[in-house]
Each structure stands twice: as structure tokens, then as C-alpha cells.
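Trainee: Sequence and predicted structure are below.
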2 protein chains.
Amino acid sequence: MLKISRLTDYGLLASVYLARIPGQVVSARDIAGFYHLPVPMVTKVLKTLHQGGLIHSRRGAGGGYSFDADAEMVTLGRLLEVLEGPWDLVECETTDETGHAICAIRVACPSRRFMFGINQAVKGAFEQVTLGDLTRGVLPVVALGAERTETVVSTT
Amino acid sequence: MLKISRLTDYGLLASVYLARIPGQVVSARDIAGFYHLPVPMVTKVLKTLHQGGLIHSRRGAGGGYSFDADAEMVTLGRLLEVLEGPWDLVECETTDETGHAICAIRVACPSRRFMFGINQAVKGAFEQVTLGDLTRGVLPVVALGAERTETVVSTT
DNA sequence: AACAAACCGTACCAAGGTGGTACTGTTTGC
DNA sequence: GCAAACAGTACCACCTTGGTACGGTTTGTT
């Protein structure tokens, strides 16, 4: 499910902070201090970002994290994927470790097909915003148009 | 936050069940039996739907619930509002009982404006599907297009 | 009047997720 | 060798969710 938990918020903040000073190494303590956030939380999320390959880490004294890539190549979708893990707006199609569908009412669900469409649309929208957009405060305008094309969906 | 919990799923199922046989009174037990769901859960959600003014209830022996209105006038957005309470995709603008913003990083949040746009788009999409659509299995096709109009956002 | 069907209200509990803390390594610059 | 800073893990309090239980109230039927 799409949660956008507080930890994810912290991750976005940290990403933007680093992307604004590319290549520069900053400690978790500094970032936490800047935003007035608990240090262990920030270290946790920075670790996640590093494991996801989004930022670079340097250990030892004078170490810290840095963003070295091109901010225009990192999408918001990618950030959320790293911070939240694989997600969907609804769990219609999600399966557990045994391969069985999580949603118990799946076969009878009246809104599954529609939710799937919304899900795809949201994911698509997240792919169209880059980390560069976030750092600049320049955001693309997202428009949602709906045509009432009557497509009969085979229920079951 | 938009959760779409299992209880909400049950509520959609029950709504569709009732909307397919307008005016007809059905007990919670029958609906639960039809979908193989726990009876107390179904009664709980039916109560919610009734309190939200979406369905009619009749107490006593031979009582139950019925849907008497026009299914085309009830939107999925309205259903979710009744079942989940007031919701937003993200809590950017949500305030607690004291009127303070829930989101602690609100002023510094790099993605607030963008999330707001997505939020509005999703809500709009939910307004364009009716209970009638759900009962018929006929769903409008929702298209989400994004133009990269560069609008500078004042980052407070 | 009695009874049973069925809604109503509330309280309760177990399980899981979230936010946050603590502590112990390990690396590395000075 | 010391201290700064990342790495890993474990732990805890709190809240939400899914589900159950129980007593109360309404109402049709006999």
C-alpha cells in the first residue's frame, strides 16, 4: 500500500538537501540539525537511500553522505520505491510470500479494475517529477482528464 | 490518509449488493453469508453506511438494510468519504483537533505542492465513478496526462 | 403477552505497523 | 590512539486494524 510515512518524508527532505549541493559530503547529524529532526531517524533513512543506490556514503571521521548523480535522472517514483519498497495504491493485485492474493474479496470486488487504473495513473504521475524539480521548487502541472468511455469489463 | 482498509472493501461489496436490488430489504446475515465474510464485520460497515445516509435500515424481525436511492447519483468518492471519513492521499494539509498541521515538516517539505495536485486528481477521479458503474461492471476509462508546464512555486 | 429476528452500541482483544531510542560494532582522518 | 561518523541490530511504546463478544432495543409473528 502507498503509505508515505514520516520516514519517507524525512527521506525526501534528506534527498533534496543533498541534491542541492551535489558532490558535497554532509553528516547525518548536520542534516538532522538543519531540519530539527531526530538524528537516529535521519541516519536510518540515509542508510536506506544509500542501499538503494541513490546517494553515496563515506565512513570514518569527516565522512557522511553525498549526492553525486544527475538530479534530473532521479524520479519521485524511484525515491518512493527505495523509501517505501514496492508499493501499490491498493492491494488488489498484491500477493504474499506464498504467491496468494492478499485481498480476500478479490474475485468479487466491484472496484478492482477501476482501482487498477487509478493506481497506474498515480504511478505514472510520480515518474514525471524529478529530484531536480523538487530541489528547484519547480513542479510540473498534472492534469487528470476522464472520458466516460463505456468499456464493459468482464467481472470475475 | 487514504487507506482503503478491509472494512472499506466490505462496505463497497455491501453497497453493490444492495444497489443491485433497489428497495429490497436484506439482513446483514444474508450479505455476510453471500460473500463469506464475518457477520459482525458486515453489520459494522452497514451501520456506517446507514449513518452516512447511503442506505436505509429497518429494525425488528424481517428487518435489514436496503438501498432506495439512485445508484447513478452516488459516487465512489462519496462512498469512500462515508466509509473512511474525510481523507487525503497525504497529510500535507490535514490538521489535528487543535487545528495544528499534522505534518511536522510541512514548511520545508519539497513535495507538498506536487502531492496536493496528485491528491486533487485522485479525488476527482473518484468522483467520476458511480455506484451504478460498480454494479454494472461498467467503468469509465480514466486518463491521466501530465504537461511539464514549468510553474515556479513559492517555497514559503 | 411472549418470543425471536435483527439492528444498535459499546467494549474488548490480538496482531501488526510506525516512530523513536539505545547500544555495540567498524571504518577512517588527524 | 582517539574521536568522528557510518553500519547493524535489537528493543520499546503507541496506534491502527481486524475481529469478537455481549447486552440492549425495536418489531413482526404467534
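Mentor: Good, I have the coordinates. Numbers count the residues shown, from 1 in each chain, chains lettered A, B, ... in the order given.

Trainee: Determine whether any part of stretch A:14-25 lies close to chain B.
Mentor: Yes - using CB under 8 Å from any CB of the partner chain, we find that stretch A:14-25 touches chain B at residue A:16. C-betas here are computed from N, CA, C, even on glycine.

Trainee: Report the buried residues of that stretch.
Mentor: Across stretch A:14-25, burial judged by 16 or more other CB atoms under 10 Å in any protein chain shown covers A:14-19, A:25.

Trainee: contacts for it?
Mentor: Under the criterion CB atoms under 8 Å, 6 or more residues apart in numbering or on different chains, residues A:26, A:31, A:34-35, A:42, A:45-46, A:49, A:54-55, A:58, A:62-68, A:71, A:74, A:79, A:131-132, A:134-135, B:110 lie in contact with stretch A:14-25.

Trainee: any low-confidence regions in chain A?
Mentor: Flagging of chain A using pLDDT under 70 yields the residue ranges A:97-98, A:137-156.

Trainee: quick one: the helices in it?
Mentor: All helices of chain A, identified by DSSP state H, fall at A:6-19, A:28-35, A:39-51, A:76-84, A:112-127, A:131-136.

Trainee: what does chain A have sitting close to DNA strand D?
Mentor: Neighbours of DNA strand D within chain A, by CB under 7 Å from any atom of the strand: A:27-29, A:43-44, A:46-47, A:50-51, A:57-65.

Trainee: Restrict these to the buried ones and give me that as a PyMOL selection.
Mentor: Restricted to buried positions by 16+ other CB under 10 Å, the PyMOL selection for the residues of chain A next to DNA strand D reads:
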select buried, chain A and resi 27+28+43+46+64+65
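
Trainee: ok, and the closest non-adjacent residue to the residue positioned nearest the centre of chain A?
Mentor: In chain A, the centroid-proximal residue (CA atoms, centre = their mean) is residue A:80; its distance is 0.9 Å. The shortest distance from residue A:80 to any residue other than its chain neighbours is 6.2 Å, reached at residue A:126 (CB to CB, 6 or more residues apart in numbering or on different chains).

Trainee: same thing with residue A:34?
Mentor: Once flanking residues are discounted, residue A:34 sits nearest to residue A:17: 6.8 Å by CB to CB, 6+ apart.

Trainee: The one you found and residue B:89: what is the separation?
Mentor: Taking CB to CB, to the nearest Å as the measure, residue A:17 falls 24 Å from residue B:89.

Trainee: now swap in residue A:89 and tell me
Mentor: 9 Å.

Trainee: what is in contact with these two at once?
Mentor: When contacts are counted by CB under 8 Å, 6+ apart, residue A:89 and residue B:89 are jointly contacted by A:2, B:2.

Trainee: Give me the phi and psi for the residue of chain A at minimum distance from DNA strand C.
Mentor: Here the residue of chain A nearest DNA strand C is residue A:60; by CB to the nearest atom of the strand that distance is 2.0 Å. Main-chain torsions, residue A:60, degrees, to the nearest 10: phi 80, psi 180.

Trainee: From chain B, how far off is it?
Mentor: Using CB to the nearest CB, to the nearest Å, residue A:60 is found at 29 Å from chain B.

Trainee: likewise residue A:74?
Mentor: Between residue A:74 and chain B the computed distance is 13 Å (CB to the nearest CB).

Trainee: What does that residue show for phi and psi?
Mentor: Backbone dihedrals for residue A:74, given as degrees, to the nearest 10, come out at phi -100, psi 120.

Trainee: got the contact list for the closest residue to it other than its chain neighbours?
Mentor: Take residue A:74 and drop its neighbours on the chain: the residue closest to it by CB to CB, 6+ apart is residue A:131, 4.1 Å away. Listed by CB under 8 Å, 6+ apart, the contact set of residue A:131 reads A:15-16, A:19, A:71-72, A:74-76, A:79.

Trainee: Looking at those, which one is closest to residue A:115?
Mentor: Closest to residue A:115 out of those is residue A:76 (20.9 Å), distances taken as CB to CB.

Trainee: Apart from its chain neighbours, what residue comes closest to that closest one?
Mentor: In space, residue A:76 is closest to residue A:129, 4.3 Å off (CB to CB, 6+ apart).

Trainee: hmm, back to that, show me how to select, in ChimeraX, the buried members of the contacts of stretch A:14-25.
Mentor: Restricted to buried positions by 16+ other CB under 10 Å, the ChimeraX selection for those reads:
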select /A:26,31,35,42,45,46,49,54,55,64,65,66,67,71,74,79,131,132,134,135 /B:110
